Every structure is written in C-alpha cells, then in structure tokens.
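# Let me see the structure of the following:
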Amino acid sequence: MAAANQLLPVTPALGAVTAALLLAAVAVAGWGLLGHGRDVLRAGLRAVLQLGVVAYVITWVVGSLWTSALFVLVMFTVAVRTAGRRMTTGPGWYWAAAPIGIGVLPVLALLLAGGLLPPEGLSVIPVAGILIGGALTATSLAGRRALDELRQRHGEVDAALALGFEDRDARLEICRTAAATSLDPALDQTRTVGLVTLPGAFVGMLLGGATPVQAGAVQLFVLIALLAVEAVAIVVVLELVARGLVAHGVGTPIG
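Next comes the predicted model:
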C-alpha cells in the first residue's frame, strides 16, 4: 500500500508507466506529423537524467545558503539560454537575462527582506525555480510572438514609420497585442485554480501535513507572484524587441 503522504508510489510499475507514456507521446507526435517526435523523446530522456542529477545535487547544496545561491544562478543561466534561443538564433539572445532577472529578482528580494521566505536553501531553491520557470515561459513566448508578428506584418511597420512614428513606437504598435497573449496561460491557471486544476504547491503542502488554508494561501501567493513576474517579463521583452536589441536570427531556434 502506498504511504499516506505520497502522491505516487515510486515502484518499478511507475517507471514502466512513465516509459510507456513517453513512447506514446513520441508515437502520437510522429503519427500526427507534428515534427517533434525526436524532440519529445530527447526531452523525456533529458528529464530523467537531469532530475536524477538534481535530486542528488540538491541534497548537498541546500546545506549552505551560498551553495543554494549558486544553484539558483545555474538555474537562471539555463533559463536565459533556453528563453533566448527560443526567441531568436541571432546574437541578441542573451538579452533574455533582462526580462527574467527584472521579473524574478525583486520578488525574491521582497520575500527575503520581509521574512516571508527563510534564507535557507530548501526554501529559496523551489520558490526561485517556480518564478524563474514562469519568467522563462513568458519571455520565450512573448519574444517569439513579437518577432513573428513583426516579420509577418513588416509592411505595416513601414506604413507606421511613413506616418511619422518612431521606430520603437511603430514596432510596439504592431507586436504588442500578439506578445500580450503570452500571459494567457498564467491567467487561465489562476482563473481555474481549484476548479479545473490543483497545482503542485497546493497538493505538495497537503501531502506534507499542512492545513487546507495554509496550502491555499501559499498556492495563491505563487499564482499571483507568477502573474507579476510574467507581466514584467513580457513588458521588458516588448521593449527589447521594439528597440531592436532582440531580432530574428538565421536558422531554426534551438530547443
């Protein structure tokens, strides 16, 4: 029988079902001609390797605030590269550090300064990971959608310039609406929480022995914090694109 505080029992059966689901995802992607069959397989195998390594590393780094901060820095660096390469293969991909950093750092600083987040690795790492992950998604989506919109509607940008718009304002006028849709996933998650989904933080706290009120309060904070982080990230991405600091590169974005 599974332990009362365990969501899924870690048994050979869980491994077998996980492997079967991964193969099913690869097969469906191939059958549907989605063009991501190999990407799905590679992502799944990478997840196995990365989670195995991270599970081992975290048990060592959480003992010190400095090593925990270094681990968060590694997460940030990987997020910047991933989001940047999703936006563009051009030389400006590293600008992804701006929306992710400007979105995440003030929230973490506020939590630590207010005493709401204990200065301990076991607390800082998961919260930082959630916020960085949200900023990564918003940055990559907003950047890609903004750049695609400018490429497809370049004639309208030229028309705005002919009407006297500045370069920045002309680009913003065309790409702002498309980039703004990058906030939709976070909005949908917040609107439907408790009705359609029970997010991980809420379930994890309940399984860890927290009361429903405590779990709900923490999950509410996470959702609202993600809305703030992602909104900031999208606004910063728009500014970078509008100023030409991030532009379309040549070739296919790296996954």
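# Phi and psi next, for residue 193.
The phi/psi pair for residue 193 (degrees, to the nearest 10) reads phi -60, psi 130.
# How about the one 3 residues further on?
The phi and psi values for residue 196, taken as degrees, to the nearest 10, are phi -110, psi -40.
# List the contacts of it.
Listed by Cβ atoms under 8 Å, 6 or more residues apart in numbering, the contact set of residue 196 is empty. All C-beta atoms are positioned from the backbone trio N, CA, C, and that covers glycine.
# Now for the closest residue to residue 187 other than its chain neighbours: which residues touch it?
Once flanking residues are discounted, residue 187 sits nearest to residue 227: 7.3 Å by Cβ to Cβ, 6 or more residues apart in numbering. By Cβ under 8 Å, 6+ apart, the residues touching residue 227 are 183, 186-187, 190.
# Pipe those into TSV and attach pLDDT per row.
Formatted as TSV, the contacts of residue 227 follow (pLDDT from 0 to 100):
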residue	pLDDT
183	93
186	90
187	91
190	89
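# for the residues you listed, which one is nearest residue 64?
Nearest to residue 64 among the contacts of residue 227, counting by Cβ to Cβ, is residue 186 at 32.4 Å.
# buried set for whichever helix or strand the closest one is part of?
Secondary structure from DSSP states H and E places residue 186 in helix 184-192. Under the neighbour-count criterion of 16 or more other Cβ atoms under 10 Å, helix 184-192 has 186, 189 buried.
# Remind me what that helix packs against, helices and strands.
Applying 3 or more Cβ pairs under 8 Å, 6 or more residues apart in numbering; DSSP states H and E, one finds that helix 184-192 makes contact with helix 121-152, helix 212-242.
# For residue 83, which of these is the nearest?
Here helix 121-152 is closest among the helices and strands packed on helix 184-192 (Cβ to Cβ), at 4.1 Å.
# Next, the angle helix 184-192 makes with the closest one.
For helix 121-152 against helix 184-192, the angle by axes from the mean of the first three to the mean of the last three Cα atoms, to 10 degrees is 130 degrees.
# following helix 121-152, which helix or strand shows up next?
Counting by DSSP H and E, what follows helix 121-152 is helix 154-162.
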